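>>> No sequence on hand, only this structure:
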């Protein structure tokens, strides 16, 4: 986790399921809920960004081997 404050489970979970769970679980206040949602979105964005770089590197390696 980017912020280091996540208490999300280690096993992968569907994005919609996780966000629905966050929205249905009572939060101490509105700001706490927004912080949880922001943290979850940041985590997913970071993973997607890393996956994109991984895909780009794989394609670059393939292109070099093809020369």
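Sure thing, it's come through. Note that the structure is a prediction, hence the values are computed from the model and not measured. Residues are numbered from 1 along each chain as shown.
>>> Can you tell me which residue sits nearest the middle of this structure?
residue 44 (1.4 Å; CA atoms, centre = their mean).
>>> Tell me, what's the model's pLDDT at it?
pLDDT, residue 44: 85.
>>> Residue 19: neighbouring residues, count only.
16 (other CB atoms under 10 Å). The C-beta positions use only the backbone N, C-alpha and C, and glycine is treated the same way.
>>> no wait, residue 63
9.
>>> which element is it on?
Taking DSSP states H and E as the criterion, residue 63 maps to helix 30-65.
>>> tell me what that helix is packed against?
The contact analysis (3 or more CB pairs under 8 Å, 6 or more residues apart in numbering; DSSP states H and E) places helix 30-65 against helix 15-24.
>>> where in the protein is pLDDT low?
1-12, 67 (pLDDT under 70).
>>> cutoff 50 now
1-9 (pLDDT under 50).
>>> The closest residue to residue 37 other than its chain neighbours: how many residues sit nearby?
Counting by CB to CB, 6 or more residues apart in numbering, residue 22 is the residue found nearest to residue 37 once chain neighbours are left out, at 5.9 Å. The tally of other residues near residue 22 (other CB under 10 Å) stands at 15.
>>> same question, residue 37
Neighbour tally, residue 37, other CB under 10 Å: 14.
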